[in-house]
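A.B. asks: coords below, sequence missing:
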């Protein structure tokens, strides 16, 4: 008689964004005439830039001709893309990362969710609170977290690093030493950023204790300040303690194209075993590569034209972030984030919970955001808005909230 | 101090196709002038058909315009594709599978590798021997198989179902009752097929014992005989005991485009829990959908033109299969498969092992195949060739082997 993975039963409620999607869908079905503005899920709205579209068309044509057709991709991804990444994302910023330390994938969410597999199920993980749910949920499913305590809203074996206003929403080094430390900067959901000297402390800590930092840099392209690192490999010693995740989703609007990558330096080891080797084995066994045409699209992001067009898009979104931040402040809300990051983190008014505010915004002014409590107990009383809406929607949402 | 997933250390050697890739690469580097013919990895060579190319171009254009741009896909995949699958792959064959029981993914390899996650790590798995390595390796990584016995070339907790010539390379019902039964028909690597009455016995067995059949139907489009089922849901009662995996890779040449799907009927349960719910949760947490443009490409496979073009491609490959089968027989080899399946399974000559024959073919006549022993101990003394090469290559390979 077959048995299920009982760890799944420890997950409280369904995946945050699926729940939001369902609530919005249900409201829309009941109120088909209402114009809902979505500033919730963090999906982009600007179209793919022209140089990437051209690259896609070219690659599609190649797939239609016998001489240029491509089947299975190389295990790590195409070298034409990995070389560009190594050059522009790493060597250009002084990081010693080579093309063969880069694993191309279909997105940072998958990689962030799957990376835990190569570590022992005994491993203690540390996460920020609030946090992007995938880090915790994927570890729950693997049996690494113990039981959920509904009172505390926490898993018993997870080390939570509280991120509150008083500390600029940055985590403090935890009392207990974790094996795996999930860090995401610029942060989702709070929009907080970590300066280089502070990140260096985490790298030093991890090296001292034999911990591995799982660094989610999906939002690095929104950084404009000089003293904020785009990559953890800008810190000394990160090659021996850190894995980095990157995404094309927000950088180049690839949420619907699916492309990302993971960096594992060759010298990164645990118990004497190369983590590169383990991830390569997982990649080779359970994954079959991102589509050729999408990898060509990724390459085009690094062309001269591509980089110009992408930069314009990013700064356009950051103008949205400014409109939201200023709009909310004018309306009397307490706001952080939205600078060097596409997320705006606001306090809910009065004693309203995050989900109460969600329902209020959806039902009364028809704006969708993300309840902070969906990201962890210290997200309670907060609410996340994103800069990825259209300009009209963003402005209209602020007008509605202003009233 | 972080620890690794020690289960990975139980895996003997690297992933089969990565090893073959490395061997061929090394030989090519040393012998740059040699023309190597690849009939090994099962990668297709015909270009994507025109109606799919047109659909890709259209979808790319949509991604470049604000009004038609698409971001994150719906959790299960786009309905336009799921509806087509339900209609043409299932309802047209009398199977009661609805669109919302279909989960779109980036390929059957990923789904076959990931599905084990929703089951208990205590589960006993049964696999054919020889077998597609992903079923076993993904369970090794999860700690479900026990240790590897190098003498037996088997994992201690896996139930192996021997598939030998005497039984037409079909598995017999095992003595011990497995929790999870991996079946793949038309079979990779042997090319064997299972008739409906025989598959019905497996379905009845699984229902009687509360086992779940994980049915890999990646090669169903190569079936031409009437009495061979394309889907396990053609059998009575399969909805309460079977999960099915399908792929566009061989059907429509999508190895480089990446598209597949998994079917989980709503009533399929274990310990009273819906497996649909568990897989939906995994899908939502660790995966972010196949690219929009690729899902449109999949839709085009089901258009009238698309179906015609695909059928032509499939029969073209089956002509290759015939050329290989007949060529090998003429050269005095013992051959099976290659009818209703794109794989040809041959006995190695004399007392040659599979890898000896691999090296001989690579080094002496420059043809790449797949050593049978890479698929399990009962694959030893066999060798797999595929029908996916070009016509010239296939003919030339047979000429070289003939000498």
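C.D. replies: Arrived safely. It should be emphasised that the depicted structure is a prediction, and the values quoted were computed from it without experimental measurement.
A.B. asks: where does the stretch 251-400 of chain A get nearest to chain B, which residue?
C.D. replies: residue A:286 (3.5 Å; Cβ to the nearest Cβ). Quick note: C-beta positions are derived from backbone N, CA and C, even for glycine.
A.B. asks: pretty sure that residue contacts residue B:107?
C.D. replies: No - Residue A:286 is not in contact with residue B:107 according to Cβ atoms under 8 Å; the separation is 10.3 Å.
A.B. asks: show me what contacts residue A:116?
C.D. replies: Residues in contact with residue A:116, defined by Cβ atoms under 8 Å, 6 or more residues apart in numbering or on different chains, are A:123, A:125, A:138-139, A:142, A:144, A:180.
A.B. asks: which members of those are the farthest-apart pair?
C.D. replies: A:123 and A:138 (12.4 Å; Cβ to Cβ).
A.B. asks: more neighbours: which of residue A:286 and residue B:107?
C.D. replies: A direct count of neighbours by other Cβ atoms under 10 Å in any protein chain shown for residue A:286 and residue B:107 places residue B:107 higher, at 26 against 22.
A.B. asks: the more buried one and chain A, how far apart?
C.D. replies: Relative to chain A, residue B:107 is positioned 5 Å away (criterion: Cβ to the nearest Cβ, to the nearest Å).
A.B. asks: hmm, that residue is touching residue B:251, no?
C.D. replies: No - taking contacts as Cβ under 8 Å, residue B:107 lies outside contact range of residue B:251: 11.9 Å.
A.B. asks: give me the nearest residue to residue A:258, chain neighbours excluded.
C.D. replies: Distance criterion Cβ to Cβ, 6 or more residues apart in numbering or on different chains; nearest residue to residue A:258, sequence neighbours excluded, is residue A:106 at 4.3 Å.
A.B. asks: list the contacts for that neighbour?
C.D. replies: By Cβ under 8 Å, 6+ apart, the residues touching residue A:106 are A:258-260, A:290, A:294, B:106, B:258, B:288.
A.B. asks: show me the contacts for residue A:313.
C.D. replies: Residues in contact with residue A:313 (Cβ under 8 Å, 6+ apart) are A:46, A:49, A:252-253.
A.B. asks: in JSON lines: those, plus distance to chain B, secondary structure and pLDDT.
C.D. replies: What follows is these, written out as JSON lines (distance: Cβ to the nearest Cβ, whole Å; DSSP: H, G, I helix; E, B strand; the rest coil; pLDDT from 0 to 100):
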{"residue": "A:46", "distance to chain B": "7", "secondary structure": "coil", "pLDDT": "96"}
{"residue": "A:49", "distance to chain B": "8", "secondary structure": "coil", "pLDDT": "98"}
{"residue": "A:252", "distance to chain B": "11", "secondary structure": "coil", "pLDDT": "97"}
{"residue": "A:253", "distance to chain B": "8", "secondary structure": "coil", "pLDDT": "97"}
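A.B. asks: widest-spaced pair of these?
C.D. replies: A:46 and A:252, at 9.8 Å, using Cβ to Cβ across the contacts of residue A:313.
A.B. asks: tell me which of those two has more neighbours.
C.D. replies: Taking neighbours as other Cβ under 10 Å, residue A:46 and residue A:252 compare with residue A:252 leading, 27 against 18.
A.B. asks: pLDDT weak spots in chain A?
C.D. replies: Applying pLDDT under 70 to chain A picks out residues A:14-15.
A.B. asks: change it to 80
C.D. replies: Residue ranges of chain A with pLDDT under 80: A:13-18, A:41.
A.B. asks: return the subset of the contacts of residue A:116 lying in helices.
C.D. replies: The helices, defined by DSSP state H, take in A:138-139 from the contacts of residue A:116.
A.B. asks: out of the contacts of residue A:116, who's nearest residue A:4?
C.D. replies: Using Cβ to Cβ, the contacts of residue A:116 come closest to residue A:4 at residue A:142, 14.2 Å.
A.B. asks: what about the closest one, how many neighbours?
C.D. replies: Neighbour number of residue A:142 under other Cβ under 10 Å is 21.
A.B. asks: tell me the contacts of it?
C.D. replies: A:7, A:116-117, A:121.
A.B. asks: could you dump the residues you listed into CSV and include secondary structure and distance to residue B:400?
C.D. replies: Shown next, in CSV, are the contacts of residue A:142 (DSSP: H, G, I helix; E, B strand; the rest coil; distance: Cβ to Cβ, whole Å):
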residue, secondary structure, distance to residue B:400
A:7, helix, 53
A:116, helix, 47
A:117, helix, 42
A:121, coil, 50
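A.B. asks: out of the contacts of residue A:106, which comes closest to residue B:386?
C.D. replies: residue B:258 (19.0 Å).
A.B. asks: surely that closest one touches residue A:291?
C.D. replies: Yes - assessed by Cβ under 8 Å, residue B:258 is found in contact with residue A:291 at 4.9 Å.
A.B. asks: give the residues shared as contacts by those two.
C.D. replies: Contacts common to residue B:258 and residue A:291, judged by Cβ under 8 Å, 6+ apart, are residue B:294.
A.B. asks: can you tell me the SS state at the residue nearest to residue A:8 when sequence neighbours are not counted?
C.D. replies: Of all residues not flanking residue A:8 in the chain, residue B:278 sits nearest, at 5.4 Å (Cβ to Cβ, 6+ apart). Residue B:278 falls in the helix class when you classify it by DSSP: H, G, I helix; E, B strand; the rest coil.
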